[in-house]
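A.B. asks: Below: sequence and its predicted model.
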Amino acid sequence: MGAPTDLSVQLYSVRTPLASDFAGTLSRLRQIGFTRVEPFGMLDFAAQLKAGLADNGFSAPTTHQSLVDVDLDRVFSAAAELGIGTVIHPFTPPDQWTSRQDVERVAALLNTAAGKAAEHGVRVAYHNHDWELRLMLDGTTSLEVLAGLVDPAVVLEVDTYWAAVGGQDVPELLGRLGDRVIALHLKDGPLTGVTADQLPLGSGDLPAAEILAAATALEVPVIEFDQYAGDIFQGVAAAYEYATGTLGFAR
């Protein structure tokens with residue numbers, strides 16, 4: 001990682017309070033110290049996001065939004081209007097990663113989307129789970145095969161927890177992927193894949209400092225929980241404090 005940069009937080013982490021109090025949830029994240037957020041399901045929340053970002057002084061450099069069976073012009077025009085520079089395809093099921101032909105189809109989806117995104121001044125990225133790292137094709141992870149097939153304009157957001165659950169040494173993986181990785185999901189916990197066991201950054205088995213040192217092109221570090229057994233705002237705040245107090249991110 002280069003110079004300290006502002007943390008983002010994936011709004012999926014706080015999806016339950018967000019559903020009942022969108023504005024209040026964003027306000028609480030701002031009170032913790034965040035200045036950036038990463039929305040999910042952007043098209044579903046575009047109007048609320050526009051108001052919420054402005055009201056809290058947030059920027060949203062990245063968002064999760066499926067690029068399957070949607071109007072791509074609508075996706076990328078909405079992103080551009082919200083000031084979002086990178087739209088991240090968040091999920092492709094594991095049964096679509098079992099052969100090179102499968103990965104080629106995912107690459108074709110991303111390449112088509114990237115061409116359309118460029119018309120709106122936006123770029124496309126892919127976000128992994130564990131299976132893209134667990135499934136190997138001729139000795140190479142499926143995610144790395146994908147990275148070799150997509151257009152250079154397509155970048156990656158590596159979910160560090162899921163990469164580790166998939167059996168990877170995450171710093172080594174990031175070294176191999178190089179400057180394709182512009183965003184990280186930073187989370188922690190025992191590497192069992194049981195999301196309810198996830199912990200605030202710095203409390204589990206992931207080597208956060210080594211991971212960040214390997215992410216040489218990092219633009220957007222994103223705190224995230226898939227689930228959390230405690231109070232989610234306390235968990236997010238603990239992750240923020242570790243990242244800013246120990247890892248050197250800007251407050």
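C.D. replies: Looks like it came in fine.

A.B. asks: do you know how far Ala107 is from Ala147?
C.D. replies: Applying C-beta to C-beta, to the nearest Å, the value for Ala107 to Ala147 is 9 Å. Quick note: C-beta positions are derived from backbone N, CA and C, even for glycine.

A.B. asks: oh sorry, the question was meant for Thr63
C.D. replies: Applying C-beta to C-beta, one obtains 21 Å for the distance of Thr63 from Ala147.

A.B. asks: Give me the more crowded residue out of those two.
C.D. replies: Here Thr63 and Ala147 are set side by side on neighbour count (other C-beta atoms under 10 Å), and the busier one is Thr63, at 29 against 21.

A.B. asks: residue boundaries of the strands in this structure?
C.D. replies: With DSSP state E applied, the chain shows strands at 8-10, 36-38, 62-64, 86-89, 123-127, 136-137, 140-141, 155-159, 181-186, 220-223, listed in chain order.

A.B. asks: Which strands border the fifth one, and is each parallel or antiparallel?
C.D. replies: Strand 123-127 sits in its sheet next to strand 86-89 (parallel), strand 155-159 (parallel), going by DSSP bridges.

A.B. asks: The first one too?
C.D. replies: Counting by DSSP bridges, the strands paired with strand 8-10 are strand 36-38 (parallel), strand 220-223 (parallel).

A.B. asks: ok, now the third one?
C.D. replies: Neighbouring strands of strand 62-64 in its sheet, by DSSP bridges, are strand 86-89 (parallel).

A.B. asks: quick one: contacts for the closest residue to Asp205 other than its chain neighbours?
C.D. replies: Distances taken as C-beta to C-beta, 6 or more residues apart in numbering place Leu191 nearest to Asp205, at 5.2 Å, with adjacent residues excluded. The contact partners of Leu191, by C-beta atoms under 8 Å, 6 or more residues apart in numbering, come to Tyr161, Ala164, Val165, Gly204, Asp205, Leu206.

A.B. asks: Please read off the pLDDT at Leu191 from the model.
C.D. replies: Model confidence at Leu191, given as pLDDT, is 97.

A.B. asks: and what of Leu67?
C.D. replies: Leu67 is assigned a pLDDT of 98 by the prediction.

A.B. asks: which residues does it contact?
C.D. replies: Contact analysis of Leu67 by C-beta under 8 Å, 6+ apart lists Val75, Val87, His89, Leu109, Leu110, Ala113, Val124.

A.B. asks: do that again at 7 Å, thanks
C.D. replies: Applying C-beta atoms under 7 Å, 6 or more residues apart in numbering to Leu67 gives the contacts Val75, His89, Leu109, Ala113.

A.B. asks: want to throw the strands paired with strand 8-10 into JSON lines with distance to His120?
C.D. replies: Putting the strands paired with strand 8-10 into JSON lines (distance: least, C-beta to C-beta, whole Å) gives the following:
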{"stretch": "strand 36-38", "distance to His120": "19"}
{"stretch": "strand 220-223", "distance to His120": "19"}
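
A.B. asks: Is it possible to get those strands out as CSV so that each row also shows mean pLDDT and mean neighbour count?
C.D. replies: As requested, the strands paired with strand 8-10 are arranged in CSV below (pLDDT from 0 to 100; neighbours: other C-beta atoms under 10 Å):
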stretch, mean pLDDT, mean neighbour count
strand 36-38, 98, 24
strand 220-223, 98, 25
